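Peer 1: Take this sequence and fold it.
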Amino acid sequence: MRWPIRPSSFPPSRWGTAESVGAGCGAGAAAGQAAGYFRATWLTVKAGISALPERVTWFKMLGLGLTAGIGFTMAIFIANLSFHEPSRVDLAKLAVILGSLLAAVAGLVVLHFADKADESEAPVGLSEAEIEA
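Peer 2: Residues are numbered from 1 along each chain as shown. Coordinates of the predicted model:
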């Protein structure tokens, strides 16, 4: 069967298989939210609509975007509506939960290192009260 429009990296024989359901749901939960939040913030800053707050870096915005992937309630609801086979629904739910867990860990790691980078940029020899003043 010929497909007139299809992504070049996915052969038609693999469409709709259990592997693609799990990979799509997991990647959407882990990376989709991060990409959306980061891109929307970048566009508004570059368009001059908004500005990053003081001491907020793009690295921190990436960490924030990753933590946005933690929420999975709506993704599980949509998985229930999208698939009719119980095995695919279960696989999609598991992939969404694992993707959310991956997003949480990745966001935690990125924000941890972003915070460490901020600490190393603080002036040496000043107390926190002097820095804040």
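Peer 1: contact partners of the strand or helix carrying residue 42?
Peer 2: Using DSSP states H and E, residue 42 maps to helix 33-46. The contact list for helix 33-46 (Cβ atoms under 8 Å, 6 or more residues apart in numbering) reads 50-52, 58, 61-62, 64-66, 68-69, 71, 103, 106-107. C-betas here are computed from N, CA, C, even on glycine.
Peer 1: repeat that with 6 Å
Peer 2: 50, 61, 62, 65, 66, 68, 69 (Cβ atoms under 6 Å, 6 or more residues apart in numbering).
Peer 1: for the longest helix along the chain, the distance to its chain's centre please.
Peer 2: Ranked by residue count, the top helix of the chain under DSSP state H comes out as helix 86-121. Its chain's C-alpha centre lies 7 Å from the corresponding centre of helix 86-121 when counted by Cα atoms, centre = their mean, to the nearest Å.
Peer 1: other SSEs contacting that helix?
Peer 2: If contacts are counted by 3 or more Cβ pairs under 6 Å, 6 or more residues apart in numbering; DSSP states H and E, helix 86-121 sits against helix 18-27, helix 58-68, helix 73-82.
Peer 1: Give me the pLDDT value at the residue most central in space within the chain.
Peer 2: Taking Cα atoms, centre = their mean as the criterion, residue 34 is the residue nearest the geometric centre of the chain, at 2.8 Å. At residue 34, the pLDDT value in this model is 82.
Peer 1: So that it lines up with my notes, have the first residue be 33 from now on.
Peer 2: Got it, first residue is 33 now, which makes that one residue 66.
Peer 1: In space, what's closest to it - neighbours in sequence excluded?
Peer 2: residue 97 (3.8 Å; Cβ to Cβ, 6 or more residues apart in numbering).
Peer 1: Could you check the pLDDT of the nearest residue to residue 112 once chain neighbours are set aside?
Peer 2: In space, and not counting its chain neighbours, residue 112 is closest to residue 121: 6.0 Å by Cβ to Cβ, 6+ apart. With respect to pLDDT, residue 121 has a value of 85.
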